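*Asks:* Sequence first, then the predicted structure:
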Amino acid sequence: MLTITQAPQGAVQVKQQFLITGTASTSYAGRKLMLTIDNQYTAPGPVVAADGTWQLNFLFQQTGNRRLKLAIDKDSVELPLSVVTTLPPTPRLRFANLPQQIPSGQSVMVTGSADGYADGTALLLRADKQFELARPTVQAGKWQAAIGFHQTGKRLIEIIGSGQDRAQVELQVVAAPPRPPRLRFTQVPKPIQAEEIVTIGGEADSYADGAQLVLRVDQKYELARPLVQGGKWQAPILFHQTGSRLIEIIGSEQDRAQVTIDVQAGDLQIVVRTAWNSTPTPAELPELKPLRITIHHTALSGSPSTSASLATDAERMRYIWRSHVNGNGWSDIGYHYIIMPSGRIFEARSDKKRGAHDVVNDGWGIAFDGIYSRATINQQQFQSAVALCTKLCQRIGIKDPVTPIPTPTADYGTRNLPPICGHRDRVATECPGSEGGRTVRLADIRQGVKAKL
Ligand SMILES: [Zn+2]
C-alpha cells in the first residue's frame with residue numbers, strides 16, 4: 001500500500017520547492033521509494049519511516065504538464081502537476097455590500113466576490129454555522145443571494161467555497177418598522193349604469209381585520225363604510241346621477257386612493273334630488289333597511305300634465321316638498337320617489353333614510369303624483385313604476401313581488417301582503433286610491449316586475 005496524504009493541488013510554480021507527504025505499509029519501513037519523473041527519469045525517493053510515513057521535498061526546473069510517480073515493489077502512486085511560471089490567484093471569497101443591519105421579515109440582497117472561482121461554481125451561504133441560506137453560483141467572479149430573517153438578533157453569515165476558503169460577517173437583524181398602511185382599488189367596475197348596484201373593492205395593506213374605511217364620492221358624499229377583511233375591502237355602490245364620478249377609499253388622512261368611474265344612463269332614469277332641490281335629506285334621519293315597497297298617491301291636486309316640461313315637474317316637486325315640510329312639519333318629503341304624470345321619476349327623500357309614508361316605514365315609498373281615487377295612472381307612469389320597482393326589488397333581493405308574505409301593518413296587525421303593496425293595505429286610508437289599488441294598477445305592477453326579475 002502506498003498513498004499520498006498531502007500534495008499541491010493541480011499547479012506548482014517552477015523552481016519553487018514543495019512538499020509531498022504520504023504513507024506506506026510499515027512492512028516497507030526503512031526502505032527507499034523509487035521516484036520516476038515524467039515516466040522517463042528515475043531518482044532515489046524518500047525513505048519510509050518506522051511508522052510508514054514518508055515525505056518528499058521537490059522542485060521542477062521546467063514548466064509544463066509534469067508527472068511524479070513513487071513506487072516500491074508492486075505498489076505505486078502517481079501525481080500529475082501543472083508547473084507554471086506564476087500561480088493562478090488563490091481562490092478567495094469576500095462579502096461586498098452586506099448591510100450591518102437588516103429589518104426582520106424583509107429580504108435583502110447580499111453580494112460578494114469570488115476571486116479565482118470558475119463561472120458556475122456553487123457556493124454555500126450559511127447562517128450561524130448551521131442554517132443553509134442559499135447556494136449562490138459564481139458568475140464573472142461574483143456571487144449574490146437574497147436572504148431574510150424572521151427573528152431579531154445577531155447573525156453570523158458565512159460564504160463557503162472550496163476547502164478552507166470562506167468569509168464571515170456579522171449582521172444585526174432588527175425589528176422592522178411598521179409598514180405604512182396602504183389602500184388600493186383592485187375591483188373597479190367600469191363603466192357602470194345609473195341605478196345599477198355594483199361592487200367596488202380593493203386591497204388594504206397593513207390594516208387589521210375589522211378596520212373601518214370610508215368610501216366617498218366627489219369628495220363630498222359618503223357611499224359606504226366598508227370593513228377590512230383579510231387585507232381586502234369591498235362595498236356595493238349605486239349612483240342616481242350620470243357622469244364622471246371621483247371615488248375615494250379613505251383609511252386615514254395620509255392613506256387614501258382614488259379612481260374615476262363613468263356612470264352612464266341605464267334603462268331606468270331618475271331625476272336626482274339635486275336637479276330640483278338644493279336642500280339634501282337631513283343627515284340625522286334614521287337609516288333605512290328596506291324590506292318592501294309601498295305605493296301611494298300624493299293626493300294633491302294640480303299635477304302637471306302628461307307633457308309637462310322637466311322644469312314644470314321640478315317646480316311641482318318643490319311644491320310637494322313645501323307641502324310636506326312646511327305644511328305637515330316633516331323633515332322631508334315623506335316618500336322616496338315620486339312619479340309624475342309625464343312618467344318622470346323624481347328622487348324625493350334619500351333612499352338610505354327611513355321615510356314617513358306608511359307608519360311602519362320599513363320600506364321605500366313610491367307615490368304617483370295626483371289623486372287616483374277614481375282616475376287611473378297613465379301608461380307612462382305605469383311603465384316607470386314597473387322599471388323602478390324592478391330595480392328596487394333587485395337591490396334588496398325580492399325575487400317574488402306577487403306572493404303574499406306575513407307583513408306588519410299599522411292598523412291590521414300582521415297581514416299576508418305582497419312585497420309591493422299599497423298604503424291602504426297597511427293603514428286605514430284610501431291611498432293610493434279606491435278599489436284596492438286598481439286605479440294605480442297595483443296587481444299589474446307586481447306582474448310586470450315579476451316578469452322582469
Ligand atoms: Zn299613501
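*Replies:* Thanks, I have the structure now. It should be emphasised that the depicted structure is a prediction, and the values quoted were computed from it without experimental measurement.

*Asks:* switch to C-alpha atoms for all contacts and neighbour counts from now on
*Replies:* OK.

*Asks:* Up against the ion, what does the stretch 151-300 of the chain have?
*Replies:* His296 (C-alpha under 5 Å from the ion).

*Asks:* Quick one, grab the pLDDT at the residue of the stretch 151-300 of the chain found nearest the ion.
*Replies:* Nearest to the ion, among the residues of the stretch 151-300 of the chain, is His296, at 4.0 Å (C-alpha to the ion). His296 carries a pLDDT score of 97 in this model.

*Asks:* Contacts only, for it.
*Replies:* Contact criterion C-alpha atoms under 8 Å, 6 or more residues apart in numbering gives Gly365, Ile366, Ala367, Phe368, Gly422, His423, Cys431, Pro432 as the residues in contact with His296.

*Asks:* so which strand or helix has it?
*Replies:* With elements taken from DSSP states H and E, the one containing His296 is strand 293-297.

*Asks:* what comes into contact with the helix or strand following that strand?
*Replies:* Towards the C-terminus, the helix or strand next in line after strand 293-297, according to DSSP H and E, is helix 310-322. Residues external to helix 310-322 that are found in contact with it (C-alpha under 8 Å, 6+ apart): Ala275, Trp276, Asn277, Ser303, Pro304, Asp332, Ile333, Met340, Phe346.

*Asks:* Share the number of residues neighbouring the closest residue to Pro236 other than its chain neighbours, please.
*Replies:* Once its chain neighbours are removed from consideration, Pro236 has its nearest residue in Thr199; the separation is 4.3 Å (C-alpha to C-alpha, 6 or more residues apart in numbering). Using other C-alpha atoms under 10 Å, Thr199 has 13 neighbouring residues.

*Asks:* do the one 10 residues further on as well
*Replies:* The number of residues packed around Asp209, counting by other C-alpha under 10 Å, is 14.

*Asks:* ok so, going back, and the contacts of helix 310-322, which are buried?
*Replies:* Trp276, Ser303, Pro304, Asp332, Ile333, Met340, Phe346 (16 or more other C-alpha atoms under 10 Å).

*Asks:* Name the spans of this protein whose pLDDT lies under the cut-off.
*Replies:* 88-89, 178-179 (pLDDT under 70).

*Asks:* circling back to that earlier point, which one of the contacts of helix 310-322 is nearest Leu238?
*Replies:* Taking C-alpha to C-alpha as the measure, Leu238 lies nearest Phe346 of the contacts of helix 310-322, at 16.0 Å.

*Asks:* Next, find the distance separating the closest residue to Gln229 other than its chain neighbours from Pro181.
*Replies:* Spatially, and ignoring its direct neighbours in sequence, Gln229 is nearest to Asp209 (4.8 Å; C-alpha to C-alpha, 6+ apart). Using C-alpha to C-alpha, to the nearest Å, Asp209 is found at 13 Å from Pro181.

*Asks:* Report how many residues lie close to Gly327.
*Replies:* By other C-alpha under 10 Å, the burial measure for Gly327, its neighbour count, is 10.

*Asks:* For it, grab phi and psi.
*Replies:* Dihedral pair for Gly327: phi -80, psi -50, per degrees, to the nearest 10.

*Asks:* so what's it up against?
*Replies:* With the criterion set at C-alpha under 8 Å, 6+ apart, Gly327 makes contact with nothing.
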